[in-house]
Every structure is written in C-alpha cells, then in structure tokens.
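For reference, the sequence and a predicted model appear below.
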Amino acid sequence: MLYILVEEHSGVLLNIYRRLSSANYRVISNQFGKRSSDNKTYVKLELEDGKLPLPQALEGELLNIEGCTDIFYDEPTQSIPEESGGPNGAAAKVPDVSDIKSQIKHVAQKIVKNFSDIENIVHNFAQQCPQDKSATLLYNLGYNVGAIIYQQEYALGKPLKLELALKRMLSDAIASFGKVTCSQHTISIENNIFCSVANPDGHCEFTKGFMTGFLHGSPKTKDVKVENISCRSHGQVSCSFEFR
C-alpha cells in the first residue's frame, strides 16, 4: 500500500493522480487518514498491479508536488526518532519527515550559497537521513539544487535541445563534481566527489537529482529522463548517466 503525507493544498490529490498515471500506475482507491503521533494528514492509495516501493525518481517527482511531504509503504502511525548515533558515536539530528520538504529547500539554498563546499554539505546531509529514505531524500536535494542553479545561472539564455544542453550547460554546471565527459546522450564523471570505491553506499542519487532538476528547468528538456548506468562506488571507473 502507498501512503503519502500531505498538507491541505487545493489540487494536491489530483496532481498525485496525474504523476502516478504518467508513470503508468493506476490508482484503484484513495482514503484519507490522520497520523496518530502528530495528527498530520495522509492519503492511502491502492494501486493496480503497481510494484512497490516506487522507483526513486518517481518518489522524487511526487515529493516535488506542492503539498506532498513524505512517502510511506506502511501505515504512518509513528514518528521517526529525533536523534540517532552519528558516524563517531555523537548524536546527529535526523530530519523530521513531516517537514522534510522545507528542510531540503533550506539545505539546497545553503549549497547554492556555498557551492565550493557542496561535497561536505551533501555528505553531512546523507549521514543525517534515515537509511531507508536516504536515496529519495538525496535525489530530492539534488533536484532542488539543480533547479536553483539552472534558474539563477542558465535560464536567461535561449533554451537548448538536449544534446546542446548537456554539452554547453549541464557539463559546465557539474564541472566541480569530477572530470566530466559528454557524448550525445551520456555524461560520465570520473572521480565523482559523491562516490568512491571505498564507500559502497555512494550518493549518485544526488547527482542524478541535480541533473534532472537542472534539465527540467528548461522548456526544451523538461520531460527528459535521467538513468544512472554505472557508479564508481560499485567498482566502475566513473559514474555515468544516460538521458532520454
């Protein structure tokens, strides 16, 4: 079963239906409820022949809908604990899932203002994420940062078709991530700062989210799909992404 924590915004359920439908998921029924721990509203969705959990990219798209704040696959009756052990045993604050969208936007703005420190900010954010939601939260953080970077630094120019957008804009925007190589519909990043062979739990989700948010900011590439086809943390030479 799919549960989405929602705020009371007009049209939020319709937008959820549209996004799921565009990904070929058919909703059979919906039912609203209240989370007992904090009385926040969620909608319970029954999907026809839908495989759960949802793909990471689709979770990210749903959480980018105004009014959607979190996704669950078990009935959300309890809150996430406020603290857990950090990498050195120290207490690390875990993001409050009921307000995760505002926290992601806050961290995204911090990254944009301190772009030279992006590696540390992203790694610190990842360490504070609940493990079962890390991929989705990192994707969303990347999506927000990519969207802001596009609007602030690249949106004034003429919208470019995908191949030119990859070569002239996106490759430049991610130049600090590692050594970038761009072909017609593929980008590879050697020595990606977010992934290493020493860390099997790399953060390509952030890079994928960044690329998606960046490209979706332009009317020429707003429907582009990004697929992570290799990752340095899994033993490949580089992190590579295919665009369709």
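That came in fine, so what should we check first? Numbers count the residues shown, from 1 in each chain.

Stretch 162-181: which residues count as buried?
162, 165-166, 169-170, 173-174, 177-178, 180 (16 or more other CB atoms under 10 Å). From N, CA and C alone the C-beta is placed, and that goes for glycine too.

which helix is the longest one in this structure?
helix 134-153 (DSSP state H).

mean confidence score for that helix?
The pLDDT scores in helix 134-153 average 92.

How about residue 191, nearest residue that isn't a chain neighbour?
Setting aside the residues directly before and after it, residue 191 is nearest to residue 178 in space (CB to CB, 6 or more residues apart in numbering), at 4.4 Å.

And the pLDDT at that neighbour?
94.

how close does it get to residue 227?
Going from residue 178 to residue 227 by CB to CB, to the nearest Å gives 18 Å.

same check, this time on residue 164
From residue 164 over to residue 227 (counting by CB to CB), the distance is 20 Å.

can you check residue 240 too?
Counting by CB to CB - residue 240 and residue 227 are separated by 9 Å.

Where does pLDDT dip in this protein?
Residues of the chain that meet the criterion pLDDT under 70 lie in 50, 76-99, 197-202.

Could you spell out which stretches of it belong to which domain?
Per automatic domain parsing, the structural domains of the chain span 2-72, 83-243.

element containing residue 4, please.
Using DSSP states H and E, residue 4 falls within strand 2-6.

next one: residue 36
Using DSSP H and E, residue 36 falls outside every helix and strand.

CA atoms only: put stretch 218-235 into CSV for me.
Output in CSV follows, covering the C-alpha atoms of stretch 218-235 (Å, rounded to 0.1, in the frame of the first residue of the first chain):
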residue,chain,number,x,y,z
SER,A,218,14.1,24.4,-19.4
PRO,A,219,11.1,24.0,-21.7
LYS,A,220,13.2,22.1,-24.2
THR,A,221,14.3,19.4,-21.7
LYS,A,222,11.5,19.5,-19.1
ASP,A,223,10.5,15.8,-19.8
VAL,A,224,14.0,14.3,-20.0
LYS,A,225,14.5,11.1,-18.0
VAL,A,226,17.9,10.5,-16.4
GLU,A,227,19.2,7.0,-15.8
ASN,A,228,22.3,6.1,-13.7
ILE,A,229,24.0,3.4,-15.8
SER,A,230,27.2,3.0,-13.8
CYS,A,231,28.6,4.1,-10.4
ARG,A,232,32.1,4.5,-9.1
SER,A,233,31.1,3.2,-5.7
HIS,A,234,30.1,-0.1,-7.4
GLY,A,235,33.6,-0.6,-8.9
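
And stretch 32-47, end to end?
Stretch 32-47 has an end-to-end distance of 15 Å (CA to CA, to the nearest Å).

Contacts for it, please.
By CB atoms under 8 Å, 6 or more residues apart in numbering, the residues outside stretch 32-47 that reach it are 1-8, 13, 16, 20, 25-31, 69, 72, 75-79, 98.

distance between the ends of stretch 162-173?
15 Å.

ugh, wrong one, stretch 29-39
22 Å.

now swap in stretch 231-238 and tell me
Taking CA to CA as the criterion, the two ends of stretch 231-238 lie 6 Å apart.

mind listing what's buried in that stretch?
Buried, per 16+ other CB under 10 Å, within stretch 231-238: 231-233, 238.

Likewise for stretch 56-72?
56-65, 67-72.

Which pair of the residues you listed spans the longest distance?
56 and 67 (20.6 Å; CB to CB).

And for residue 22, the neighbour number?
11 (other CB atoms under 10 Å).

sorry, back to before: hey, which of the domains of the chain is tucked in deepest?
For the domains of the chain, the largest average neighbour count (mean count of other CB atoms under 10 Å) is found in domain 83-243, namely a mean of 17.

Is residue 155 in contact with residue 220, as I believe?
No. Using CB atoms under 8 Å, residue 155 is not in contact with residue 220; the gap is 11.7 Å.
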